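J.: The sequence isn't on hand, but the structure is:
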Ligand SMILES: Nc1ncnc2c1ncn2[C@@H]1O[C@H](COP(=O)(O)OP(=O)(O)OP(=O)(O)O)[C@@H](O)[C@H]1O
Ligand SMILES: [Mg+2]
């Protein structure tokens, strides 16, 4: 397996699209525009796919990104971005642009045209969300061979490189993935089984999945941002509330992300914000971020899939 680098020579491309006048930016360069012109940057599209305006995820999104106006499309029954009187974008359309960008990167790397794709999606995606991904792929003119749950893809990858460790006794492994927007815990059993056709073969079985759709690094960023905004307001340097200024809030969010990274490296950090502050803001979150304390972990346990000690 090869991970193709993007145009910035990075292994990871943020799912962000920036659209203004006749310009289209994708990935890191799109994200870079979020401070200068937040209204033109569309991100975290995953939480909007296949949903109506009254969906809780959409409401959370609207609160997180007040610079965007979301409206229901009566025909498709899902939300779209009402960017201006003449321009509207659906989350599927924007995701299609990102899929097309991914394809271009893969094509440049492989030096041949690419049409077929296997796309990984979160395990908790429902039918409407899966359809939205298929629709986006269709707009990017990709032929989807399969949608595969990302936890299944990870488990498969793990097993393929540990063939020697898999024998007749089931081994249980938990994969714990805290991303930017969501957290998932998956329990997988690896064991060899005897088949008539192919003899003894390794097999993996997904025993259970637990998830939290909103717990992730981004939730921490937002808490830090809100804390910085409060400190700024308290200084009363301006008569206006900084929280009403989208550009200022985007700037604070960027700083909050930087601050989180610095603090997570456990280095001493000296600035106007003391170490204790962010620690206490994120305390409630970090208390629940310890894998054993999170909902995803508890979900796998509640289902009594396996005893804790077996994993
Ligand atoms: N050094 C670091 N310290 C603290 N947090 C970090 C660090 N590096 C990355 N992160 C955070 O990890 C998160 C990204 O994780 P990951 O790449 O697994 O997410 P993702 O797969 O894009 O998100 P999702 O699975 O929710 O769609 C971001 O919130 C980012 O801020
Ligand atoms: Mg992820």
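T.: Nice, I can see it. Given the structure is predicted, the values throughout are model-derived calculations rather than measurements. Ligands and ions are numbered 1, 2, ... in the order given.

J.: And the strands in the stretch 51-200 of the chain?
T.: 70-72, 79-82, 88-89, 116-121, 143-149, 171-178, 183-195, 199-212 (DSSP state E, counting those that start in this stretch).

J.: Which one, of these, ends up nearest to residue 233?
T.: strand 70-72 (26.9 Å; C-beta to C-beta). For every residue, glycine as well, the C-beta is placed using N, CA and C.

J.: Count the neighbours of residue 130 for me.
T.: 15 (other C-beta atoms under 10 Å).

J.: pLDDT at it, what is it?
T.: pLDDT for residue 130: 97.

J.: what does the domain assignment say about the chain?
T.: 16-149, 217-289 (automatic domain parsing).

J.: Could you pull up the residues touching residue 155?
T.: For residue 155, the contacting residues are 173, 175, 186, 188, 204, 206, by C-beta atoms under 8 Å, 6 or more residues apart in numbering.

J.: What is the burial count for the closest residue to the second one other than its chain neighbours?
T.: Of all residues beyond its chain neighbours, the one nearest residue 175 is residue 186 (4.7 Å), with distances taken as C-beta to C-beta, 6 or more residues apart in numbering. Per other C-beta under 10 Å, the neighbour tally for residue 186 reads 24.

J.: repeat for residue 173
T.: Count around residue 173 with other C-beta under 10 Å applied: 16.

J.: So for it, what's the pLDDT?
T.: According to the model, residue 173 scores 95 on pLDDT.

J.: Would you agree it is in contact with residue 158?
T.: Yes - counting by C-beta atoms under 8 Å, residue 173 does reach residue 158; the two are 7.0 Å apart.

J.: Pull up the overlap in contacts between the two.
T.: residue 188.

J.: Quick check: the gap between residue 232 and residue 213.
T.: According to C-beta to C-beta, to the nearest Å, residue 232 stands 30 Å off from residue 213.

J.: what does residue 310 give?
T.: 27 Å.

J.: all helices of the stretch 151-300 of the chain, in order?
T.: 217-234, 246-264, 276-281, 283-289, 295-302 (DSSP state H, counting those that start in this stretch).

J.: Does residue 145 touch residue 134 like I think?
T.: No - contact criterion C-beta under 8 Å: residue 145 and residue 134 do not qualify, at 11.5 Å.

J.: Report pLDDT for residue 297.
T.: So, for residue 297, pLDDT stands at 78.

J.: now do residue 267
T.: pLDDT, read off for residue 267, is 62.

J.: so where's the protein uncertain?
T.: 266-290, 303-309 (pLDDT under 70).

J.: Next to ligand 1, which bits of it? Give me the list.
T.: Along the chain, the residues adjacent to ligand 1 under the rule C-beta under 6 Å from any ligand atom are 46, 179, 180, 181, 182, 216, 217, 218, 257, 260, 261, 264.

J.: are any of these buried, and which?
T.: 46, 180, 181, 182, 216, 217, 218, 257, 260 (16 or more other C-beta atoms under 10 Å).

J.: can you list those residues in JSON lines and add distance to residue 251?
T.: Shown next, in JSON lines, are these (distance: C-beta to C-beta, whole Å):
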{"residue": "46", "distance to residue 251": "24"}
{"residue": "180", "distance to residue 251": "19"}
{"residue": "181", "distance to residue 251": "21"}
{"residue": "182", "distance to residue 251": "26"}
{"residue": "216", "distance to residue 251": "22"}
{"residue": "217", "distance to residue 251": "19"}
{"residue": "218", "distance to residue 251": "17"}
{"residue": "257", "distance to residue 251": "11"}
{"residue": "260", "distance to residue 251": "15"}
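
J.: on that earlier part again, out of the contacts of residue 155, flag the one nearest to residue 88.
T.: Nearest member of the contacts of residue 155 to residue 88, counting by C-beta to C-beta, is residue 186, at 36.9 Å.

J.: Hmm, the closest one is touching residue 151, no?
T.: Yes - taking C-beta under 8 Å as the definition, residue 186 is a contact partner of residue 151 at 4.0 Å.

J.: Now the common contact residues for the two.
T.: By C-beta under 8 Å, 6+ apart, the residues touching both residue 186 and residue 151 are 123, 175, 177, 206, 209.

J.: And those, which two are furthest apart?
T.: 177 and 206 (13.6 Å).

J.: which residues are common contacts for the two?
T.: 151, 186.

J.: Which one's more surrounded, residue 310 and residue 213?
T.: residue 213 (18 against 12).

J.: Quick check: the more buried one vs residue 295, distance?
T.: 10 Å.

J.: which neighbours do these two share?
T.: Counting by C-beta under 8 Å, 6+ apart, nothing touches both residue 213 and residue 295.

J.: Next, count neighbours for residue 149.
T.: The burial count for residue 149: 18, using other C-beta under 10 Å.
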